[in-house]
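**Student:** Starting from these lines, generate the structure:
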Amino acid sequence: MSKIAELNRLLSYMAYRVFKPVVILFLRNSVPFQTASDWLKRIYVDVALGNKEFRINPDKKQTKTRVAVLTGLSRVEIDRVLKIEKPLEVTEQKWNRAIKVLSGWTSNDKYLDKSSLPLSLPIVGDVSFTTLVEEYSGGATMRSVLDELVHVKSVVLNSNKVKILRNDYAIIPSEQKLLNLEISGMSTGDLLNTLVFNDKIEDANQKRFQKLVAGLHIPKNEVEDAKQFIYKETNKLLVSIDKKLTPLASETSSNTYTIGLGAYYFEEKTNEEK
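**Tutor:** Residues are numbered from 1 along each chain as shown. Prediction:
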């Protein structure tokens, strides 16, 4: 097999692995192929237009003719897909603000009791949910943050006091389906961005952290214990990373990055039960 054929084989395998779970989500939510196709075309055009890697001259603006050559789309089709609404950035803004507020609540001594547990906070006051939001939300209103955290059941409001229920912005899929899809999109995008970045970098020392640990042929009776161990140890790591990153954030700096570590558990059946 030639190297070109092998490359195409591996890319087709990667496409199948990447798109299969996405298609399951699409079909589950009644998204037809034509709609998904238009979304993908829009992404092709956006990347070809905006990414300097695909310009003949990185310092000059990309042309639609060049985009047509790269994507295989006609100029007429490119004009059409450019009218398709781009994915909103509101999701990431909402996510980031909620995470910052919860992180501040669980890491800032001002909002912790003597046992280092999050205090129940009054709505207003010198040390309150309002001051917490003002300090960590990046400009969001107290009410919008409170409504969002109540909505995802991270906090509860009783007698004008806000109590934290969970120190994460995770969701219960059966009750927070839309939020689940939003988070899935963000997490998938972050992982794939790292893979794409590392694919381009030759120097191993310059690659982004990308590790995979997998146990093969684990007996069914051992899976639950192993899973709980993974959950427990990974949560410890993520909490320690969060405590490191939270105080580094700066709302006033003009040159900032979003950095972090994503973690996910995977499980696939390797053979049929006998």
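
**Student:** Figure out the helix or strand that V150 lives in.
**Tutor:** Secondary structure here is read from DSSP states H and E; on that basis V150 sits in helix 142-151.

**Student:** Relative to the whole chain's centre, how far out is that helix?
**Tutor:** Put simply, helix 142-151 sits 20 Å off its chain's centre (CA atoms, centre = their mean, to the nearest Å).

**Student:** Next, the buried residues of it.
**Tutor:** By neighbour count on 16 or more other CB atoms under 10 Å, the buried set for helix 142-151 is M142, V145, L146, E148, L149. The C-beta positions use only the backbone N, C-alpha and C, and glycine is treated the same way.

**Student:** what's near enough to touch the second one?
**Tutor:** Taking CB atoms under 8 Å, 6 or more residues apart in numbering as the contact definition, V145 lies against R97, A98, V101, V133, S137.

**Student:** ok, it to E224 distance?
**Tutor:** Applying CB to CB, to the nearest Å, the value for V145 to E224 is 36 Å.

**Student:** Same question for the first one.
**Tutor:** Using CB to CB, one obtains 42 Å as the distance from M142 to E224.

**Student:** how about the strands in this protein?
**Tutor:** Listed in chain order, the strands of the chain (DSSP state E) span residues 121-122, 155-158, 161-164.

**Student:** neighbouring contacts of the shortest one?
**Tutor:** For strand 121-122, contacts defined as CB under 8 Å, 6+ apart pick out W105, Y111, V127, S128, F129, L132, N160, K161, V162.

**Student:** Just confirm the third one contacts L112, I think it does.
**Tutor:** No - assessed by CB atoms under 8 Å, V127 is found out of contact with L112, at 10.5 Å.

**Student:** Name the residues contacting each of the two.
**Tutor:** Listed contacts common to V127 and L112 are L119; contacts here mean CB under 8 Å, 6+ apart.

**Student:** what does the average pLDDT come to for stretch 264-274?
**Tutor:** Per-residue confidence for stretch 264-274 averages out to 72 on the pLDDT scale.

**Student:** ok, the nearest residue to E77 once chain neighbours are set aside - how many residues close by?
**Tutor:** If you skip the residues right next to it in sequence, E77 has K41 as its closest partner in space, 7.2 Å away by CB to CB, 6 or more residues apart in numbering. In terms of burial, K41 registers 18 neighbours under the definition other CB atoms under 10 Å.

**Student:** For the remainder of this discussion, apply numbering that starts at 2.
**Tutor:** I'll keep to 2 as the first residue from here, and by that count the last item is K42.

**Student:** Report the separation between K42 and V134.
**Tutor:** 40 Å.

**Student:** can you check I57 too?
**Tutor:** 48 Å.

**Student:** Those two - which one has more neighbours?
**Tutor:** Looking at I57 and V134 with other CB under 10 Å, you find the greater number of neighbours at V134, namely 26 against 9.

**Student:** you'd agree that one is up against M143?
**Tutor:** Yes - with contact defined as CB under 8 Å, V134 and M143 form a contacting pair (4.6 Å).

**Student:** if I look at F20, how far off is T64?
**Tutor:** The gap separating F20 from T64 is 29 Å, by CB to CB.

**Student:** T235: how many residues sit nearby?
**Tutor:** Here the neighbour count serves as a burial measure; for T235 (other CB under 10 Å) it reads 14.

**Student:** what's near enough to touch the residue lying closest to L74 once chain neighbours are set aside?
**Tutor:** Of all residues not flanking L74 in the chain, K42 sits nearest, at 6.5 Å (CB to CB, 6+ apart). K42 sits next to T72, L74, E78, V82, I85 when contact means CB under 8 Å, 6+ apart.
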